[in-house]
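>>> here is a sequence with its predicted model. Questions after.
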Amino acid sequence: MSKITKAACIGGGVIGGAWAARFILGGIDVNMYDPHPEAERIVGEVMANAERAYAMLTMAPLPPKGKLTFSKSIEEAVQGADWIQESVPERLELKRGVITQIDASADPKALIGSSTSGLMPTDLQRDMKYPERMFVAHPYNPVYLLPLAELVGGQKTTRATLDDAKARLATIGMKGVIINKEIEAFVGDRLLEAVWREGLWLIKDDICDTETLDDVIRYSFGMRWAQMGMFETYRIAGGEAGMRHFIAQFGPCLSWPWTKLTDVVDLTEELVDKIANQSDAQSGAYGIRELERIRDENLVGIMQTLKGSNGGRGWGAGKLLAEFESHLWANAPKPEAKAGKDPLNLLEIKVNPSWVDYNNHMTEYRYTQCFADGSDALLRLIGVDMEYVADGHSYYTVESHVRLLDEAKLGDNLVVTMQILPSDGKKVHSFMWLRRASDGALLSTCEHLMLHVSSKEGKSVPPLPSVLEKLQPLIDAHAGLPLPEGAGRHVGQKRG
Ligand SMILES: NC(=O)C1=CN([C@@H]2O[C@H](COP(=O)(O)OP(=O)(O)OC[C@H]3O[C@@H](n4cnc5c(N)ncnc54)[C@H](O)[C@@H]3O)[C@@H](O)[C@H]2O)C=CC1
Ligand SMILES: C[N+](C)(C)CC(=O)CC(=O)[O-]
């Protein structure tokens, strides 16, 4: 599969900095050019928030981080890059000049994406020598978490360029959506501008203030839109008769009309003051980076929930996250099952902010998650991968007993180790320990029982030989070990 091996980011503000973070956390080296005197600080702060977000987002093994280098010119930045992302301010002349400069210095085969929110790619590629490789890759803020990029070609862009861009974006967890025809503001910003335009009228006309307007969005259709778009949502709203009934009922309202969409609000100084003051009253208690972190935690939670939706198959951005994680696992170095008398070292995990509860320590079900992920790590070790599961074989957990012995705190690095208790492969009985990495303190234990099943036959069966030949040496190596303290306990039994 084609991938991005080296990227250049031209412009490192809100969007360019976050593109750089997406590339770097995807294991890609980035050359950045931005003449802003504080570009390194700004990109560094975006990078820190992005790393924090990824630690919450996924347990899958990210590749080693790419290297970030600041360049002194566009010419220097684009050397060796096979993906160049332009993210300079939204002014046609400036962007066209920058893109023409990139074109003149870059490898003629390198792809050149523009982050423009609405300019036409045909206008941007006008002066290029190799315009066929230039397109709009319009992302959404924050680029390191939101996976969409609208891919829009100009008159001289080839279809192969757009297909290639889409395939490469998939390797960094992004969904490239190819837009059929070029149009100002593409699809997303056309929709957003309609809502934004109407919102400005509602504030100007004192129908509501900024906080009320935002509450209307976030307590209602904002949540719906994270998981289904407008058409799927309205299909459901049509009841059993679906979309046709919905249009029959609400179509006529469009001409009443309920919007002022054709009118543009005059952004007078008075209106800008009004909006800015209301916005300060609404959110001024938080700094921008703080708001970014809150936003990121919420987005991570939404994506993780969507990953578990639809009977575990995932939905929308959550399905994409699951596919990205499979890609990461498939590309990670394969762990080897080393048989020996020591407990198996299975997993290292960091306690992230969304795991901490009102008692200010890791909430109880996350202990269980650590052990579930620990037993998944054992399964990877013995060759139970997605292919094996797709073939109709798997292990199901049938029993587990977790003891909470000490508190895991925000930011702690945790380690899961395992001793395999007497088992025959069809049954895997184990004992796991969760320890704090810094001082080895024991925080929790779990006694755990899994059965190997044939999902086609709906019953427990022995594992296939390919798995048993990796598992048996581990079982044998631990066979003579004494039972760990805590194994075989019942709930409420005194320690000792
Ligand atoms: N902010 C947003 O929510 C989104 C913005 N975009 C698009 O991304 C692009 C950048 O927007 P932002 O990052 O928000 O702007 P920004 O103002 O945060 O960043 C622009 C950066 O470009 C740098 N710059 C200016 N001239 C340059 C040059 N000649 N060469 C290299 N760097 C130069 C500036 O120093 C600045 O750091 C725009 O096209 C915008 O429409 C796209 C999606 C969302
Ligand atoms: C406001 N904006 C036009 C720059 C917004 C975008 O382009 C996309 C986004 O992230 O909302």
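That came through fine. Residues are numbered from 1 along each chain as shown. Ligands and ions are numbered 1, 2, ... in the order given.

>>> please count neighbours and contacts with C-alpha atoms only from this point.
Will do.

>>> which residues in the stretch 251-400 of the chain form helices?
For the stretch 251-400 of the chain, helices defined by DSSP state H, counting those that start in this stretch occupy the ranges 269-283, 288-307, 317-331, 364-381, 386-390.

>>> do the same with the stretch 51-200 of the chain
With DSSP H, counting those that start in this stretch as the criterion, the stretch 51-200 of the chain has helices spanning 74-77, 92-105, 121-124, 159-170, 188-204.

>>> can you tell me the residue of the stretch 301-450 of the chain closest to ligand 1?
For the stretch 301-450 of the chain, the residue closest to ligand 1 is Ala317, as judged by C-alpha to the nearest ligand atom, at 18.0 Å.

>>> now the helices of the stretch 251-400 of the chain in CSV, with mean neighbour count?
Output for these, formatted as CSV (neighbours: other C-alpha atoms under 10 Å):
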stretch, mean neighbour count
helix 269-283, 13
helix 288-307, 17
helix 317-331, 19
helix 364-381, 18
helix 386-390, 12
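
>>> which of the ones you listed sits closest to ligand 2?
Between the helices of the stretch 251-400 of the chain, helix 288-307 lies closest to ligand 2; by C-alpha to the nearest ligand atom that is 12.8 Å.

>>> pretty sure the residue of the stretch 301-450 of the chain closest to ligand 1 sits against Pro147.
Yes: judged on C-alpha atoms under 8 Å, Ala317 makes contact with Pro147 at a distance of 7.4 Å.

>>> now do the residue of the stretch 301-450 of the chain closest to ligand 1 against Met303, distance only.
6 Å (C-alpha to C-alpha, to the nearest Å).

>>> what of Pro465?
37 Å.

>>> check Leu68 too.
In terms of C-alpha to C-alpha, Leu68 sits 27 Å off from Met303.

>>> cool, and Leu124?
Leu124 is 34 Å from Met303, where distance means C-alpha to C-alpha.

>>> please apply the same query to Asp385.
Distance from Asp385 to Met303, counting by C-alpha to C-alpha: 23 Å.

>>> swap in Asp82?
29 Å.

>>> make sure Val491 is indeed in a helix.
No: using DSSP: H, G, I helix; E, B strand; the rest coil, the assignment for Val491 is coil, not a helix.

>>> pLDDT-wise, which helix or strand of the protein ranks last?
The helix or strand of the chain with the poorest confidence is helix 386-390; it has a mean of 89 (mean pLDDT, DSSP states H and E).

>>> and it, how far out from the chain's middle?
Relative to the mean C-alpha coordinate of its chain, helix 386-390 is positioned 23 Å out (C-alpha atoms, centre = their mean, to the nearest Å).

>>> which residues touch it?
Identification of contacts with helix 386-390 by C-alpha atoms under 8 Å, 6 or more residues apart in numbering yields Ser394.

>>> CA atoms only: put it into CSV for me.
Output of helix 386-390 as CSV, limited to C-alpha atoms (Å, rounded to 0.1, in the frame of the first residue of the first chain):
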residue,chain,number,x,y,z
MET,A,386,-8.1,-10.9,13.5
GLU,A,387,-7.7,-13.5,10.7
TYR,A,388,-8.0,-16.3,13.2
VAL,A,389,-11.1,-14.7,14.7
ALA,A,390,-12.6,-14.1,11.2
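
>>> any part of stretch 73-90 near ligand 2?
No: using C-alpha under 6 Å from any ligand atom, stretch 73-90 stays clear of ligand 2, coming no nearer than 8.7 Å.

>>> first to last residue in that stretch, what's the distance?
20 Å.

>>> what about the nearest residue to Tyr140 once chain neighbours are set aside, neighbour count?
Closest residue in space to Tyr140, ignoring its immediate chain neighbours: Leu146 at 6.1 Å, by C-alpha to C-alpha, 6 or more residues apart in numbering. When counting by other C-alpha atoms under 10 Å, one arrives at 19 neighbours for Leu146.

>>> just give me the residue right at the centre of this protein.
Closest residue to the average C-alpha location of the chain: Leu145 at 4.6 Å, with C-alpha atoms, centre = their mean.

>>> distance of the residue in the stretch 151-300 of the chain positioned nearest to ligand 2 relative to ligand 1?
Closest contact between the stretch 151-300 of the chain and ligand 2, by C-alpha to the nearest ligand atom, is at Asp189 (5.7 Å). For Asp189, the distance to ligand 1 (C-alpha to the nearest ligand atom, to the nearest Å) stands at 9 Å.
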